[in-house]
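**Student:** model this:
(2 chains)
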Amino acid sequence: DGGITQSPKYLFRKEGQNVTLSCEQNLNHDAMYWYRQDPGQGLRLIYYSQIVNDFQKGDIAEGYSVSREKKESFPLTVTSAQKNPTAFYLCATKYNEQFFGPGTRLTVL
Amino acid sequence: KNQVEQSPQSLIILEGKNCTLQCNYTVSPFSNLRWYKQDTGRGPVSLTIMTFSENTKSNGRYTATLDADTKQSSLHITASQLSDSASYICVVSSLDTGRRALTFGSGTRLQVQP
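**Tutor:** Reported below is the predicted structural model:
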């Protein structure tokens, strides 16, 4: 898991609620990423940021939002517009290779 | 379209036995290939990285091979242990920049039984 922390480890959400997943890193890496992992599928890119105050949509950005106000932090908000949010969410940084956080499992009740 | 296919999807072996996982890719232009180990409920951890010019690379009981001509890679696990039970993910990097630089396979779930 290196210097990447994600919280909470488990998160439960009621339908219609927005929730925010935290990702913090002390690796001093510029690039940060959010992935979604579903059973039997490869990781899919939600958003990425290569520098503070800048971020780009990935392949499945609909229903998600991010911010990058500090180099160390890249929070992900799962909005009520995301129709199937139950999944395992991984935050990552990149410096020559990709480093992953421990993940957050989000369940919609 | 860049793709990474892994096989088998799942595998059960007895402790102490060897196994080989496969990864076929169609990623261009190719930069490197990594194998990650992901324990259940945890983030992936890098095992090996292979560039175009490398054929074999070992990390303890893990040995990865790469055939850049056929675009195939394998991960061989020797003398398996219970702690090897995990998903193994093949990730291929292209020389492209930005979001499409990484293509992930769906993984092989390995279960080592006593």
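**Student:** Quick one: list the elements packing against whichever strand or helix holds A:L21.
**Tutor:** A:L21 belongs to strand A:19-25 when assigned by DSSP states H and E. Helices and strands touching strand A:19-25, as assessed by 3 or more C-beta pairs under 8 Å, 6 or more residues apart in numbering or on different chains; DSSP states H and E, comprise strand A:4-7, strand A:10-13, strand A:31-37, strand A:76-78, strand A:87-95, strand A:104-108. No exception for glycine: its C-beta is placed from N, CA and C like everyone else's.
**Student:** how big is the angle separating the fifth one from strand A:19-25?
**Tutor:** If I follow you right, that is strand A:87-95. Orientation note: strand A:87-95 sits at an angle of 30 degrees relative to strand A:19-25 (axes from the mean of the first three to the mean of the last three C-alpha atoms, to 10 degrees).
**Student:** Give me the distance from strand A:87-95 to the chain's centre.
**Tutor:** Put simply, strand A:87-95 sits 6 Å off its chain's centre (C-alpha atoms, centre = their mean, to the nearest Å).
**Student:** Residue numbers of chain B in contact with chain A?
**Tutor:** Residues of chain B lying close to chain A (C-beta under 8 Å from any C-beta of the partner chain) are B:4, B:9, B:34, B:36, B:41-46, B:49, B:89, B:91, B:98-99, B:102-107.
**Student:** what's the following helix or strand after the helix or strand of chain B with the lowest mean pLDDT?
**Tutor:** Between all helices and strands in chain B, the lowest mean by mean pLDDT, DSSP states H and E belongs to strand B:102-104, at a mean of 90. Elements were assigned by DSSP H and E; along the chain past strand B:102-104, the next helix or strand is strand B:108-113.
**Student:** just the helices in chain B please.
**Tutor:** In chain B, no segments count as helices under DSSP state H.
**Student:** quick one on the thing from earlier: so what touches the least confident helix or strand of chain B?
**Tutor:** The set of residues external to strand B:102-104 that reach it, using C-beta atoms under 8 Å, 6 or more residues apart in numbering or on different chains, is A:42-45, A:98, B:2-4, B:25, B:27, B:89-94.
**Student:** Next, format the helices and strands packed on strand A:19-25 as JSON lines and append mean pLDDT.
**Tutor:** As requested, those are exported to JSON lines (pLDDT from 0 to 100):
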{"stretch": "strand A:4-7", "mean pLDDT": "96"}
{"stretch": "strand A:10-13", "mean pLDDT": "93"}
{"stretch": "strand A:31-37", "mean pLDDT": "96"}
{"stretch": "strand A:76-78", "mean pLDDT": "97"}
{"stretch": "strand A:87-95", "mean pLDDT": "95"}
{"stretch": "strand A:104-108", "mean pLDDT": "95"}
